[in-house]
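[1] show me how the following folds:
(chains A, B and C)
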Amino acid sequence: MGPRPAAGYFFEDYRVGARLAHATPRTVTSGDAAAYLALTGSRNPVHCAAPVAAALGHRDVPLDDLLVFHIAFGKTVHDVSYNAVANLGYADLRFLAPAYPGDTLAAESEVIGLKENSSGKSGVVWVRSRALNQRGEEVVSWVRWVMVARHGRDGAGKAAAVVPELPDTVAPDRFAVPAFLAPRALDPRATGGSRWWDDYVPGETIDHPGAVTVEESEHMLATRLYQNTARVHFDALAARSGPFGKRLVYGGHVISLARALSHDGLENAFAIAAIHGGTHANPTFAGDTLAARTVVVSRDPVPGRDDVGALRVRLLGAKNANLAGLATPAPGARDPAVVLDLDLSLLLPRRAQRLE
Amino acid sequence: MGPRPAAGYFFEDYRVGARLAHATPRTVTSGDAAAYLALTGSRNPVHCAAPVAAALGHRDVPLDDLLVFHIAFGKTVHDVSYNAVANLGYADLRFLAPAYPGDTLAAESEVIGLKENSSGKSGVVWVRSRALNQRGEEVVSWVRWVMVARHGRDGAGKAAAVVPELPDTVAPDRFAVPAFLAPRALDPRATGGSRWWDDYVPGETIDHPGAVTVEESEHMLATRLYQNTARVHFDALAARSGPFGKRLVYGGHVISLARALSHDGLENAFAIAAIHGGTHANPTFAGDTLAARTVVVSRDPVPGRDDVGALRVRLLGAKNANLAGLATPAPGARDPAVVLDLDLSLLLPRRAQRLE
Amino acid sequence: MGPRPAAGYFFEDYRVGARLAHATPRTVTSGDAAAYLALTGSRNPVHCAAPVAAALGHRDVPLDDLLVFHIAFGKTVHDVSYNAVANLGYADLRFLAPAYPGDTLAAESEVIGLKENSSGKSGVVWVRSRALNQRGEEVVSWVRWVMVARHGRDGAGKAAAVVPELPDTVAPDRFAVPAFLAPRALDPRATGGSRWWDDYVPGETIDHPGAVTVEESEHMLATRLYQNTARVHFDALAARSGPFGKRLVYGGHVISLARALSHDGLENAFAIAAIHGGTHANPTFAGDTLAARTVVVSRDPVPGRDDVGALRVRLLGAKNANLAGLATPAPGARDPAVVLDLDLSLLLPRRAQRLE
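    Numbering: from 1, shown residues only, chains lettered A, B, ... in the order given. Got it, this is the predicted structure:
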């Protein structure tokens, strides 16, 4: 692909197989971790307590998975979704290695699919993106597809569609659990809960207590911390003539708030293994109050490990709603009160099997 | 006490003598210190200037006393005041050892008193809480009492009241001044003021110059930084049907703002020794503008030290008021403009006595 | 000069030649850098990516020039502009040495000019200020003049005016480029742009793409991070009876936002060499949406270096305006939409000359 135009790439600029090295590598520090904590209210002790992290085998306090993802994702916006009409979906998001304060993340993407819309005004671009640390190790990898505007009309309708095959879910044998990890060393007094992997039941619904009202400055602080440049989150003036008339909260901030709220009830979910997919089912705006529900989908063993299990859950974020009165939408269905419907797998310690 | 219910403990769950190990140990970092500074405007150089801290004998830049307290306090909320109807009081709060970036704070509490209200709907719970660092050293210790709702009515009225005896004030011989501390090394050019302990006069009133308007996002950022989960600070939707119709600012944020404002006039108050007691006399909401007044109560020598003295003061926080026109309420009395009335002892360097 | 009065110095307190050692030295940390990034959205990889900084020869990730300046400037407010009626101008601002996390900045000023106004109610005070690190090295130096109120009338009209001669611009031979610096090691994939010094054309106008709406809590967080005590930014109650009826955004925050927005189009401007002068042409308030334009003034070689060049630019900040429809005001002229008109020189790598 040619050099990035000042106005960003348009649909016709993308080619299947093209690779994009995204700008602004980032050394993530304990300062970023502190800001993330203040912005989200995360209470996962693995990400804020050195002795807890050390007991699990970590050499330092690992950065929150979602902080890492948002920073990695933010780098791709400038090249992938700067002229996006819509963010259509995510798939195959896997956390592959822990990141620690002082690590530098750089992101790159490959265009893996293109499909022009029949209107000729836009098209869908699929990219596989990944963030690497300073040693070139993959830290997080994901596929994302966005609808991108065409800039011109010349050549419209000429390219053959290439639609990538994507896994519906990330299979547990593709979850990356560090060999050094000692999940059973997680101290329930540190996490605040005693339920381990074995104690959850598929179909179980957890309405997490807490709720949080979002403010303009908070979502902008978070989105800037991630160096995400998507203008819809920052420019109230332009937003006035946009579809909502106001700034849109970055969906990643909504995910982080829902994940932080979900701590109460999932206290020992020490890491995210994968995000299978998900929908920002409705927009979130400043002034909205968010609450979170978890529905346990399945309990999946992790091949090769008897000390850790994966809990596949739907994490629902609801806005301005009383959770008690909210019916969980069928998978794929939407409810006006649901802003987030995320399909992910969490890692929890698993009880030792007793010999019978 | 049994495992914490998802909805938190209620009055009937507490037993005198019960011990609670609170969740989420926290490694406090220079990132937290930066966030605290941005949120409060603190200008105490002991907490932000390495050479000043080193001159006093510190091995690193000590974390602000109140940052340490708010983080420690935040951990207790989940187990102590999650179902609190009201926060009734504090006593015997002592800062016992400095905390430095990289230290990990964990908090624990013991129930030391219980008294059911005559209505049978709630009762008062007294707890002594303390935060320990990773070496098991006590960093801060305090007593607090809250009115907690009863969940059920079975057993109401059955328990005998146990009301602990609490000191009205923390006696100066219980102030913890590190043996290594060299208070006279405090440089007036670094603090911005030249008054030492000897220069204050009991009865003296200082109206501190600045004032600061509180915003929703700021008090929530602060309260989340402390991992304090009290819902009244975060949930505007639920607050609409609460007693105030809006979110309440965490009282600790008010204390921090008042303490930061009080720097001008108390420039050499390098640490807080103890908080004897205090009242959040009125609620603070976003949009309120806070100003601070200090009334010097007494000048107390610190036993065993001739180089440091304790200044006992009332720190008043006023909202939306012109300090010049505000009469200091009599101790124990209230004024609608006063939101904070804190009784504390500050440490200041003391002049060397000249031989006559 | 005598000890600072609680209400700050007034015009008649200043004497030409007087030196002020400002309070609150500050150890700047990676936590401050994280907060700065979240507050401004800066994407200059030199200040956030360790490998990029190392490639340039830095021993650590240098702090953003403007973060350093705002912290240094903040210290002077208490002694110089606490009773300022107006901030009149800046000149001869030079960045002299990089600052790194862990460095401690202290600021001092010398009064270099005084001129009473004919009204006798106020006068102009010129100061040269500078920030030193813990080794006593100058990090940043600047001249500033402010109109300061008189406190009393006795002695009004008696002092002879002393008006310093100030350079219109900082000559390139006074730019401080560290000897170790290897500007050509700057990786365009890291910065996101491929234009080097040689590629810009005097007269060229760049309308930078993004825009950002300012919120009350953000500008106050930023201004507190800098420990700047100017009450006009914090006190909504007092502001109601002020000239604008509301809080004023700290001009330094506006500079930082404009500089961050200007990254797109000036990706390889790795540092600020000097600020020649500038005007906060109109006030900025919360709710205003800022956009940035750069006009290239000249391309100046840096004496003694063939690998780095200085780009002198006008950086314009506009509020609530469509840049496409905004005519650049003539130098010295004002436009109601322009809040910032800054005259500065940026450092960029320069291409190696090929032998012909």
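[2] could you use CA atoms for every contact and neighbour count after this?
    Fine.
[3] pretty sure A:Ala321 contacts A:Ala337?
    Yes. A:Ala321 lies in contact with A:Ala337 (C-alpha atoms under 8 Å); the separation is 6.3 Å.
[4] my read: A:Ala156 touches A:Ser118, true?
    No. Counting by C-alpha under 8 Å, A:Ala156 stays clear of A:Ser118, with 9.5 Å between them.
[5] which of these two has more residues huddled nearby?
    Legend: neighbour count by other C-alpha atoms under 10 Å in any protein chain shown for A:Ala156 and A:Ser118, higher for A:Ala156 (18 against 10).
[6] phi, psi for the nearest residue to that one once chain neighbours are set aside please.
    Nearest non-adjacent residue to A:Ala156, counting by C-alpha to C-alpha, 6 or more residues apart in numbering or on different chains: A:Gly120, 5.6 Å away. For A:Gly120, the backbone dihedrals are phi 80, psi 0 (criterion: degrees, to the nearest 10).
[7] how many other residues sit next to A:Ala327?
    The local packing of A:Ala327 (other C-alpha under 10 Å) involves 8 other residues.
[8] any idea how far it is from chain B?
    Distance of A:Ala327 to chain B, given as C-alpha to the nearest C-alpha, to the nearest Å: 19 Å.
[9] equivalent analysis for A:Ala18, please.
    For A:Ala18, the distance to chain B - C-alpha to the nearest C-alpha - is 39 Å.
[10] surely that residue and A:Gly113 touch.
    No. Contact criterion C-alpha under 8 Å: A:Ala18 and A:Gly113 do not qualify, at 10.2 Å.
[11] neighbour count winner among these two?
    The residue with more neighbours, out of A:Ala18 and A:Gly113, is A:Gly113; 20 against 14, by other C-alpha under 10 Å.
[12] and the more buried one, what does it touch?
    A:Gly113 is in contact with A:Val16, A:Val124, A:Val125, A:Trp126, A:Val127, A:Ala161, A:Val162, A:Val163, A:Pro164, counting by C-alpha atoms under 8 Å, 6 or more residues apart in numbering or on different chains.
[13] so it sits in a strand?
    Yes. The assignment for A:Gly113, made by DSSP: H, G, I helix; E, B strand; the rest coil, places it in a strand.
[14] can you give me the helices in chain A?
    A:30-40, A:50-56, A:65-80, A:188-191, A:216-225, A:236-239, A:251-261 (DSSP state H).
[15] chain center to the fifth one: distance?
    In this case it means helix A:216-225. Offset of helix A:216-225 from its chain centre (C-alpha atoms, centre = their mean, to the nearest Å): 16 Å.
[16] can I get the helices of chain A in a markdown table with mean neighbour count, mean pLDDT and distance to chain C?
    Output for the helices of chain A, formatted as a markdown table (neighbours: other C-alpha atoms under 10 Å in any protein chain shown; pLDDT from 0 to 100; distance: least, C-alpha to the nearest C-alpha, whole Å):
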| stretch | mean neighbour count | mean pLDDT | distance to chain C |
| --- | --- | --- | --- |
| helix A:30-40 | 25 | 98 | 4 |
| helix A:50-56 | 21 | 98 | 17 |
| helix A:65-80 | 23 | 97 | 9 |
| helix A:188-191 | 20 | 96 | 25 |
| helix A:216-225 | 25 | 98 | 4 |
| helix A:236-239 | 21 | 96 | 6 |
| helix A:251-261 | 23 | 98 | 13 |
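[17] okay, domains of chain A per the record?
    Residue ranges for each domain of chain A read A:1-28+A:63-151, A:180-356, as given by automatic domain parsing.
[18] all strands of the stretch 201-350 of chain A, in order?
    Along the stretch 201-350 of chain A, counting by DSSP state E, counting those that start in this stretch, strands occupy A:205-207, A:212-213, A:271-279, A:289-302, A:305-319, A:338-349.
[19] who touches the first one?
    Just to be clear, that refers to strand A:205-207. With C-alpha under 8 Å, 6+ apart, strand A:205-207 has contacts from A:Gly265, A:Ala292, A:Arg293, A:Thr294, A:Val295, A:Val296, A:Leu323, A:Ala324.
[20] rerun that using 10 Å as the cut-off
    By C-alpha atoms under 10 Å, 6 or more residues apart in numbering or on different chains, the residues outside strand A:205-207 that reach it are A:261-262, A:264-266, A:291-297, A:313-316, A:323-324, A:328, B:6.
[21] name the strands paired with it and say parallel or antiparallel.
    Strand A:205-207 has its sheet partners listed here by DSSP bridges as strand A:289-302 (antiparallel).
[22] what does the shortest one give?
    For strand A:212-213, sheet partners with direction are given as strand A:289-302 (antiparallel), following DSSP bridges.
[23] low pLDDT regions in the stretch 251-356 of chain A?
    A:355-356 (pLDDT under 70).
[24] spell out which parts of it neighbour chain B.
    A:261, A:264-265, A:267, A:287-291, A:319-322 (C-alpha under 10 Å from any C-alpha of the partner chain).
[25] of all the domains of chain A, which one is nearest C:Ala176?
    Closest to C:Ala176 of the domains of chain A, according to C-alpha to C-alpha: domain A:1-28+A:63-151, at 25.2 Å.
[26] what's near enough to touch the spatially closest residue to A:Pro62 that is not a sequence neighbour?
    Counting by C-alpha to C-alpha, 6+ apart, A:Pro62 lies nearest to A:Tyr100, which is 4.7 Å off, once chain neighbours are set aside. Counting by C-alpha under 10 Å, 6+ apart, A:Tyr100 makes contact with A:27-30, A:33, A:47, A:58-64, A:68, A:133.
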